[in-house]
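Colleague: got a predicted model here, sequence first, then my questions.
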Amino acid sequence: MTDDVIQLLTPDGDLVQHPDYPLDVDADLLRRLYRDIVLTRRTDIESTALQRTGELGLWCPVLGQEGAQVGAGHAMRPSDYGFTTYREVGLFHVRGVDPVDLLHLYRGVSHASWDPQRVGLGLFTIVIGSHALHSVGYAMGIQRDGADEAVLSCFGDGATSTGDVHEAMVFATAFHAPVVFFVQNNQWAISVPVARQTRASLARRAAGYGMPSVRIDGNDVLASLAVTRALLDRARDGSGPAFIEAVTYRRGPHTTSDDPTRYRDESELQHWEALDPLDRLRRHMVKTGALDEAFVVDVDAEADALGVRVREAIRGMEDPDPLGMFDHVYAEPHPQVTADRAAMSAYLAAGEAS
Amino acid sequence: MTDDVIQLLTPDGDLVQHPDYPLDVDADLLRRLYRDIVLTRRTDIESTALQRTGELGLWCPVLGQEGAQVGAGHAMRPSDYGFTTYREVGLFHVRGVDPVDLLHLYRGVSHASWDPQRVGLGLFTIVIGSHALHSVGYAMGIQRDGADEAVLSCFGDGATSTGDVHEAMVFATAFHAPVVFFVQNNQWAISVPVARQTRASLARRAAGYGMPSVRIDGNDVLASLAVTRALLDRARDGSGPAFIEAVTYRRGPHTTSDDPTRYRDESELQHWEALDPLDRLRRHMVKTGALDEAFVVDVDAEADALGVRVREAIRGMEDPDPLGMFDHVYAEPHPQVTADRAAMSAYLAAGEAS
Amino acid sequence: MTSMTMVQALNAGLRRAMDNDPKVLLMGEDIGPLGGVFRVTDGLQKDFGEDRVIDAPLAESGIVGTAVGLAMRGYRPVLEIQFDGFVYPAFDQIVTMVAKHHYRSGGITTMPIVIRIPYGGGIGAVEHHSESPEAYFAHTPGLRVLTPADAAEAYVTIQQAIASDDPVIYLEPKRRYWDRAEVDDVSPISGSPWTSRVLRTGADVTLVAYGPMVRTCLEAADAASEDGVECSVIDLRSLSPLDLGPVVDDVRSTGRCIVVHEAPVVLGVGAEVAATVTEQCFFRLEAPVARVGGAYIPYPPNRYEQHYLPDVDRVLDAIDQVTAP
Amino acid sequence: MTSMTMVQALNAGLRRAMDNDPKVLLMGEDIGPLGGVFRVTDGLQKDFGEDRVIDAPLAESGIVGTAVGLAMRGYRPVLEIQFDGFVYPAFDQIVTMVAKHHYRSGGITTMPIVIRIPYGGGIGAVEHHSESPEAYFAHTPGLRVLTPADAAEAYVTIQQAIASDDPVIYLEPKRRYWDRAEVDDVSPISGSPWTSRVLRTGADVTLVAYGPMVRTCLEAADAASEDGVECSVIDLRSLSPLDLGPVVDDVRSTGRCIVVHEAPVVLGVGAEVAATVTEQCFFRLEAPVARVGGAYIPYPPNRYEQHYLPDVDRVLDAIDQVTAP
Ligand SMILES: Cc1ncc(C[n+]2csc(CCOP(=O)(O)OP(=O)(O)O)c2C)c(N)n1
Ligand SMILES: Cc1ncc(C[n+]2csc(CCOP(=O)(O)OP(=O)(O)O)c2C)c(N)n1
Ligand SMILES: [Mg+2]
Ligand SMILES: [Mg+2]
C-alpha cells in the first residue's frame, strides 16, 4: 500500500470523485454536513467557555477534527453502533446526543453522558484503548444475532500503542467481526507526537492482521463519509473488519487543563488552519451554489440557540443528592452497599440535626 | 513482501545459498550444529522420561523445533543477550545452560533455571508474552551503554496475540532498540491453531511498525543461523529492530500434561517428520562427507553420558530446607518476611519437639 | 443425586445454564476441542457449537474486553482464565470496565459476566499456577466474588453466578477439582449463593474458611473434637458480599475465631473478617481473632508448598493458641 | 531550608537522585517537554536529555515491562503513571514481574524500579483520576509501598525509594501536591523511610493515617483538642512494610484507635491495621479499632466527592464513637 490519503474535497473546495469510493453529493447532503459541523463547533466553543468560567471541571476540544467525525457519523446507519473516546463531539452530535447530557460528565454530576441504547453509542471510557475491545465484542454479538449491523470503533493515534487496541484487531480478524476501526491521527497524544507511537503510517498496521485499511484526509468530510460508509457496508455484508486512518490535527489544547505551547510549535497551526474542514466545505458549497444566505443565517441562529440552551442548563445545575452515589453500583442488592448507604444517611441526618 | 520462507538446506539435504543471507558452511560448523541438535534432543527425551517416572512435575517438549533454536543460538555472540519461553531448549543448550540447572524448575525446587549473567539469557517467565517487553528494555539499556550488543527475543505464535508483544514492538521501533524478535510459529498454542491468532502470516505484522521481517524455514538450522545472524548484526550496527518468523511445528504434546489427540489430526505429524531438522542436516553431512562414523559415535556417547548425568542428578535431588522459601523475597530486609520466617521456624521446631 | 467430581459438577452446571439460556456463551483459551486444561468445558463445544463455546486468541484482556462488548449486546459471557496467575493481563478490563460499567451507566447497562478462575495451590504446579488473588477482587466494588468448597456447591453456584446480572469472579479451588460429592442435578436451583454456610457447630472455636480451606477446616474440626475441643466451621462461600452475620452469631457464643486461607495473611480476606468480627463481638471475644494463611512471600516453588499452605496441623496449632488459658 | 510545594520537592528530589547516579532514568507519558501533567518532571529532560527522561508511547504495560529489562541491564528506572486509574494495564507486569523477579532469580537480579503514581481524590477530576489502589500493592509480597504526607517527606522519600534495591510503588497524594512545607534540601539524606512517624501524641485516641489523610487527621486532632480530647497522630508512611510498632505502643496507652484512608474500608489498609493492632493490644483496647474510609462503591462523580471522602468531621464523628462511654 502507499501512504497517500484519499481526498474527495480539495482544500480549495473542488470535488474530485474517487473511483473506489464514489459518493452522490447533492446540496441537501452538503447542507446537512455543514450544519452538523457548525453545531459541533458551537458545542465545542460553549463547553470551553463554560469550563473557563468554572461551570465545568474539564473539556476536551475537538477543533479541527469535526470533518472526520461528522463524515463518519453520516456513514453510520441508525442501527449501527459506535464506540468512541471523549473527543468524538462531532459523532456525538450526529448520533443525537444532547450536549447538555454530554456535559453532565464534565460537570461532575455523572459518569455517563447519554443513553447508549437510544443513540447507539457506547459510553466512552477514559481509559485509553480499552473500548476497542468492547467494539469487537459487540460486533461478535451482532454476528451471533445474524443482524445486518456494523460497529464503528473510534480511537486516537496514541491509543494504537496500547495492548488492548492490538488485541482488538487480533479478535476482530480472528472472528471476522463486523467492525471498522476509525483512527483519528491528530498528530498528538497530549504532548507526545505520533512519531513516538509508530515509525510507519498507522494505516499499515492493518495488513499485519489480514485486514484492509484506507488512509484518508481527515479534514475532508466527504472522504470520511464515502470511505467509512463503504467499509461499514462491507462489514455488514460479512466481509470482515477494516481499518481507517484519518489524518488530521488537534488544533486546540489536549484538554482545557493542557498548555500546548510547552511542547509544540504553534506555527504547525497555520498549516492545518488552511486545511480546515468547514472552510473547504463552505468553499465548495459557494462554488456549487449550495450555500444560500438564508440557510447560513438559519444555522447560525440554531447554533446561537444551542449555545444559550447549553449555558442555561449547565449554569443552573444543582449538585446531586449525596445518597445518589450509592445507586447502581450493583444491579442486584448488595448488603455492603446497603449498609454503607444507611450509615451515610444517618451521618448526614445527624449533621443536619446538630 | 511475500510469505515465501527462506531456506538454505532443502529437506533432501542440499545446500542452496541465498543471495541476501550468504553463509560460510564448513564441516566444522555442520558438526557443531549436529552435536547441539543431538544433545538438545537427548535433554528433551531424558526430561520427558523423568517426568513420566514422577521425578519432574512437568516438562515442555521441543521435538521438531531444535533446528530453529540451535541456528539462532549460533547466530548470537557471547556478548548478546536472549529472552525466551520455556520451550527454547536448543537455545539454552547452545548458551551453555546445564540441563540439570534447567530441571530444578520442573523439579519444583526453584523458580530459576540458571544464572542469567553467566549464560546471557534472561530467566524465562511463564506468563506468555511479557518477556518481549523485558527484551526491549534490556536493548534500550544496551543503547544507553553504547555497547556493541544486541538482544534476541524469542516467543511463540500464540504470544503474538498478547498486548505485551505488541507494546514490545511499539517500544522497539519507537526507540530503534537493538532487538530481533524471533517467533517460532509451531502452528499451535496448546490446542489453538495459529489461524485463531492471525489471518495473515505473522511476519507481516512487522511492517506495520516500520520494522523489516523475514520468514524462514524453521526446520532449517542453516537458514535460522544465517538470517538471525544478519539481523542481529544489523541491530548491533544501530539499524534498529527486526522480526523473524520461523515456520516450524511442535511435534510433541504442549507439555507432558497435554493430550494432542483431543485437538489435532496426528496425520499432520508425518508431513513435519519428513521435514525433521536433524535428518536434513544429517543428509547434507553425508552427501558432503562431513559425517564420519567416529564423530557420530562420539556424539552419541556424549549424549548417553549427558542422559546418565541428568538422571542421577535429578533422581537424587533432596527437597530444600523449608525456611529457604523466605529467602530473596526482597533484596533488603523486610520486617514482615523476617517475622513470618521466624514464626515458621518456631512452628517447625515445635513440631519436631513434639 | 449423582456422584460427581467438582470438574464434572461445573461441566454439568455450565451445560444446564447453556440449555436454559441461549444468551449464555463460553469463551477462553483451549476450552473448545481440548475442553479446557482441567476439562471443565469437556464436550460443550461439540454440543453447543463454536459460536457459543469460543476458543479465544491468547490474550486475557481481549477475552474480558470482548466479553464486555458481548454483555452490552445482551449476551451472558462465562469466561475461563486458564490459571490464577494469568488473570492479571485482564486486570484493567476487570476493575475499570467490568466492575464499574453498570455504575458508570447509571444502571442502564448490566454486566452479567462470569469470570471463572481455577485458583490456589497444592497441586505441585509451576510458578503462576497456584495463586490466590481473591483479595484484589473482594476489595473492588462492583464485582461479586464466589468460591465453591465442594462439587455440590459448584454445580449450584456456577448457575447462580451465571444468572446474576452483576459480574461475578468465580474462583474454583483447583486442588478440590477431583473431590467427589453427591450432586442434586434434578431439583430446581434455589437459595442465595451470597450467604455463608454453617457446616458444623461447636461450642469452643469458630473456624472460618472458603474454597480449598473448607475441607481443611472440617478435617481440623474432627481432629480437634478428638482432643475435646468443639469447633464450628463456616464456609464464607461469597467473598463479595461478605456475609459475616452467621460468623458473628457463632463467635458471640464461642468467643474464639480463626480465619483460614491460602492467600497472604497481610491484607487477605482474613484481615477484613478479623476487623469486622472484632467490631461486632468486641465484648464477647476471649482472644483476638487468629489468622492462618500464607506468609508474605510469592507462592514458592512447589517443593515448598506443603510448608507454605495452611493444613490441618497449622489450624490445630491456632486452635491451641486461641484456647490457651 | 527552602519552602516548596510537594510538586517542587519531588522535582528537586528526582533531580538530586539523577545527579548522584547516572543509572537513574525517568520514563512515562508526557514527562518530557510537558514536564508531566502535574509538572513533577518539569525541566528534567532539558537538563538530563532524552535518554534519561523518556517520553514513552501510550502503553503502561510497556513502560513497566521495558523498565524491568532496563533494571536487568543495571539501570534504576523511575516511572510515572499519569493517574491512579491508569496503572491497571501495567498490573500484570507489576505483580508477576516487578514484584517476583528478585525472588524468582534466587536473589541474583534486583529490580530497583520506582513506580510513581499520583493517587487519591479531592481535586474535582473525571473518572479514573481519583482512586486509591494502595491495598492491591500492599497485599503483593515483593513490592514496597511508600506514600509521602507532605513536601518535606516527598523530597527525602523519593530519593530513598530510588536508592532502594527493591521495587517501590510510590503513591503521591495529588490533592496535597500544592501544599507547601520547609524542605531541607542541603543535608545528606538519612533515616529509614520504612517506619511510621508519630506526628503528635495525645492521651485519649490514636489516629492512624497516611498520604492525603495525614493532614486531615492533624486538623481533626486540633479540633478535638479544643473539645478536650487529645489525639496522637501517626503517619504510616510505608504501607509495605507496615511499621505498626509505634501504633501498638501508642494504643497501649490510649486504648482507642481510628485508622483513616480514602480507599474503600472493605479490605483496605485499615483492615490490616485493625486486625494487627487488636492482636497486639487485645487487653488494652477500650473500644474496637474504628475504620474511617471510602464506602463500597467506585469513586463517584466529583460532585459527590466531598461526601465520599473522609474529612475532619467524619474523623471527629469517629472520635466521638470510640470515646463514647
Ligand atoms: C490507559 C491510559 N493511560 C493514560 C491516559 C491519560 N491520557 C488521556 S488522553 C491521552 C492521550 C490520548 O491520545 P490519543 O489516543 O491520540 O487521543 P487524542 O487525545 O489525541 O484524541 C492520555 C495519555 C489515559 N486516559 N488512559
Ligand atoms: C498470559 C498467559 N495466558 C495463558 C497461559 C497458559 N499457556 C501456557 S503456554 C500457552 C500457549 C503458548 O503458545 P505459543 O505462544 O504458541 O508457544 P508454544 O507453547 O507453542 O511454544 C498458554 C495459553 C500463560 N502461560 N500465560
Ligand atoms: Mg491523538
Ligand atoms: Mg506455538
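Modeller: All right, it came through fine. Predicted model, so just to flag it, every value in this text is computed and none were measured. Ligands and ions are numbered 1, 2, ... in the order given.

Colleague: could you pull up the residues touching residue A:226?
Modeller: Residue A:226 is in contact with A:8, A:18, A:21, A:22, A:23, A:71, A:75, counting by CB atoms under 8 Å, 6 or more residues apart in numbering or on different chains. Just so you know, the C-beta spots here come from the backbone N, C-alpha and C atoms, and that holds for glycine as well.

Colleague: and the pLDDT at residue A:351?
Modeller: Here the pLDDT value assigned to residue A:351 is 88.

Colleague: how far off centre is the host helix or strand of residue C:218?
Modeller: Per DSSP states H and E, residue C:218 falls inside helix C:212-226. Mean-position distance between helix C:212-226 and its chain equals 18 Å (CA atoms, centre = their mean, to the nearest Å).

Colleague: in that helix, what's buried?
Modeller: Within helix C:212-226, the residues that qualify as buried are C:212, C:213, C:214, C:215, C:216, C:217, C:218, C:220, C:221, C:223, C:224, counting by 16 or more other CB atoms under 10 Å in any protein chain shown.

Colleague: just stretch C:275-285 next, same as before
Modeller: Residues of stretch C:275-285 classed as buried by neighbour count (16+ other CB under 10 Å): C:275, C:276, C:277, C:278, C:279, C:280, C:281, C:285.

Colleague: repeat for stretch C:45-58
Modeller: Under the neighbour-count criterion of 16+ other CB under 10 Å, stretch C:45-58 has C:45, C:48, C:52, C:53, C:54, C:55, C:56, C:57, C:58 buried.

Colleague: what sits against the last one?
Modeller: Put plainly, it is residue C:58. Applying CB under 8 Å, 6+ apart, we find residue C:58 in contact with B:128, B:129, B:158, B:159, B:161, B:162, B:189, B:192, B:197, C:29.

Colleague: just residue A:133 next, same as before
Modeller: Residue A:133 touches A:164, A:167, A:168, A:171, C:61, C:62, C:64, C:65, C:66, C:68, C:69, C:93, counting by CB under 8 Å, 6+ apart.

Colleague: can you tell me the element the closest residue to the second one other than its chain neighbours falls in?
Modeller: In this case it means residue A:167. Among residues not flanking residue A:167 along the chain, residue C:62 sits closest, at 3.5 Å (CB to CB, 6 or more residues apart in numbering or on different chains). Using DSSP H and E, residue C:62 falls within helix C:60-72.

Colleague: check residue C:315 too.
Modeller: Going by DSSP H and E, residue C:315 is part of helix C:312-323.

Colleague: what's that helix packed up against?
Modeller: When contacts are defined as 3 or more CB pairs under 8 Å, 6 or more residues apart in numbering or on different chains; DSSP states H and E, helix C:312-323 packs onto helix B:335-353, strand C:205-209, helix C:212-226, strand C:257-264, strand C:290-294.

Colleague: and the fourth one with helix C:312-323, angle?
Modeller: It refers to strand C:257-264. For strand C:257-264 against helix C:312-323, the angle by axes from the mean of the first three to the mean of the last three CA atoms, to 10 degrees is 140 degrees.

Colleague: which other helices and strands does the helix or strand just after strand C:257-264 contact?
Modeller: Next in sequence after strand C:257-264, counting helices and strands by DSSP H and E, comes helix C:269-281. Using 3+ CB pairs under 8 Å, 6+ apart, the elements in contact with helix C:269-281 are helix C:134-138, helix C:245-254, strand C:257-264, strand C:290-294, helix D:269-281.

Colleague: in CSV: these, plus distance to residue B:314 and mean pLDDT.
Modeller: Listed next are the helices and strands packed on helix C:269-281 as CSV, based on distance: least, CB to CB, whole Å; pLDDT from 0 to 100:
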stretch, distance to residue B:314, mean pLDDT
helix C:134-138, 35, 98
helix C:245-254, 47, 98
strand C:257-264, 28, 98
strand C:290-294, 28, 98
helix D:269-281, 41, 98
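
Colleague: closest to ligand 4 out of these?
Modeller: helix C:134-138 (29.7 Å; CB to the ion).

Colleague: does chain A have contacts with that closest one?
Modeller: No: Helix C:134-138 is not in contact with chain A by CB under 8 Å from any CB of the partner chain; minimum separation 10.0 Å.

Colleague: understood, closing this out.
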